[in-house]
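Trainee: Everything below, folded, please.
(one chain, ligands or ions: 1)
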Amino acid sequence: MSAAADTGSPAPLLEARSLTRILPAVVPVTLVKDVDFRIGAAEFVAITGPSGSGKSSLLYLLGLLDRPTEGHVLIAGQDTGDMSASELARMRLEKLGFVFQFHFLLPEFSALENVMIPMQKLGKLGPARQKDHATDLLASLGLGDFLHRRPDQLSGGQRQRVAVARALANSPDLILADEPTGSLDSASTEQVFESLQKIVDTQKTTVVAVTHDLELAGRMERRIHLVDGRIDYDRQQGSS
Ligand SMILES: Nc1ncnc2c1ncn2[C@@H]1O[C@H](COP(=O)(O)OP(=O)(O)OP(=O)(O)O)[C@@H](O)[C@H]1O
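Mentor: Next up is the predicted model:
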């Protein structure tokens, strides 16, 4: 049953219900334990916590890149627990965008071509419209003069903004970012942060970002703080 049916109100965009991930081993490793939250549209949320507290593991579960041992991830009220691998892949392509600490751009392709790749995979737009859309996205992130540069011809901050544009290519409802500014200097960090904030403000896309940077996390509207795989409710700030 969807969250919307439970409450009569619109389902949150992203919901974790008693989310738990335990790696089976002689001594099982608990990565995430009993995590619950609801995140709405156009929220900018930081996931913080010490090294090894489970931030990346949680993001992988939310991004449908890993499956929980117990509990549920709901996206727009839809429980992803019963979905097949191909249904999960489709949902990732249509509804989610990913940005990682390392940009993972394809080195032999230009910025424009890299941003067009998710559109080609989805197959909803023809080549001319893919190109127009990729051009608009890159221009909106201040990269209008760098469309035809390959990743090795861009600065770290520019590469990461191309990665943000690529994450936006299929107009996802939700961007999941794992340390998106982790390898950048302060000026590039600011540019990438402002790009993400702009997406939230203008496109009403929700952004959930793992970060070690507490100053940056403090500028996001809400923080989910993990300790040993669990939410530390004393340090969680913003709506729940
Ligand atoms: N495949 C694995 N096998 C064993 N332990 C693992 C595995 N993956 C993660 N862990 C452990 O699970 C815990 C959570 O890891 P995770 O990467 O989610 O933490 P994190 O908060 O993102 O850390 P960091 O801030 O250092 O990136 C850590 O203690 C880590 O060592």
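Trainee: From now on I want contacts and neighbour counts done on CA atoms only, so please keep to that.
Mentor: Will do.
Trainee: in stretch 105-122, what's buried?
Mentor: 105, 110-120 (16 or more other C-alpha atoms under 10 Å).
Trainee: between those, which is nearest the ligand?
Mentor: The ligand lies nearest to Leu105 out of these, by C-alpha to the nearest ligand atom, at 20.8 Å.
Trainee: show me what contacts that closest one?
Mentor: 114, 151, 159, 163 (C-alpha atoms under 8 Å, 6 or more residues apart in numbering).
Trainee: mind listing which of those residues are in strands?
Mentor: Among the contacts of Leu105, the subset assigned to strands under DSSP state E is empty.
Trainee: Name the residues of the chain found near the ligand, please.
Mentor: 31, 50-57 (C-alpha under 6 Å from any ligand atom).
Trainee: Neighbour-wise, which one of those residues leads?
Mentor: Lys55 (29 neighbours; other C-alpha atoms under 10 Å).
Trainee: pLDDT score for that residue?
Mentor: For Lys55, the pLDDT comes out at 96.
Trainee: Ok, the one 3 residues further on next?
Mentor: With respect to pLDDT, Leu58 scores 97.
Trainee: which secondary structure element contains it?
Mentor: helix 55-62 (DSSP states H and E).
Trainee: what's the offset of that helix from the middle of its chain?
Mentor: The chain centroid and the centroid of helix 55-62 are separated by 10 Å under C-alpha atoms, centre = their mean, to the nearest Å.
Trainee: same for it, what does it pack against?
Mentor: strand 29-39, strand 174-178, strand 206-210 (3 or more C-alpha pairs under 8 Å, 6 or more residues apart in numbering; DSSP states H and E).
Trainee: could you point out which element follows that helix?
Mentor: strand 70-75.
Trainee: And that following strand, what's buried?
Mentor: For strand 70-75, the neighbour count (16+ other C-alpha under 10 Å) marks 71-75 as buried.
Trainee: where does this protein have low pLDDT?
Mentor: For the chain, applying pLDDT under 70 flags the ranges 1-9, 236-240.
Trainee: residue ranges for the helices of it, please.
Mentor: 3-7, 55-62, 85-95, 111-122, 127-140, 156-168, 186-198, 214-219 (DSSP state H).
Trainee: For Leu147, find the nearest of the ones you listed.
Mentor: Taking C-alpha to C-alpha, helix 111-122 is the member of those nearest to Leu147, at 5.1 Å.
Trainee: relative to helix 85-95, how tilted is that closest one?
Mentor: 130 degrees (axes from the mean of the first three to the mean of the last three C-alpha atoms, to 10 degrees).
Trainee: Distance of the residue nearest the centre of the chain relative to Leu23?
Mentor: Here the mean C-alpha position of the chain is nearest to the C-alpha of Leu176 (C-alpha atoms, centre = their mean), at a distance of 0.7 Å. Applying C-alpha to C-alpha, to the nearest Å, the value for Leu176 to Leu23 is 22 Å.
Trainee: what does Lys124 give?
Mentor: 38 Å.
Trainee: Next up, the contacts around Thr20.
Mentor: Thr20 sits in contact with 30-35, 68-71, where contact means C-alpha under 8 Å, 6+ apart.
Trainee: Apply 6 Å and report the result again.
Mentor: 32-34, 68-70 (C-alpha atoms under 6 Å, 6 or more residues apart in numbering).
Trainee: hey, what's Ala29 bridged with?
Mentor: Residue 29: Val, not Ala. For Val29, the beta-bridge partners under DSSP bridges are Leu23.
Trainee: how many neighbours does it have?
Mentor: Count around Val29 with other C-alpha under 10 Å applied: 11.
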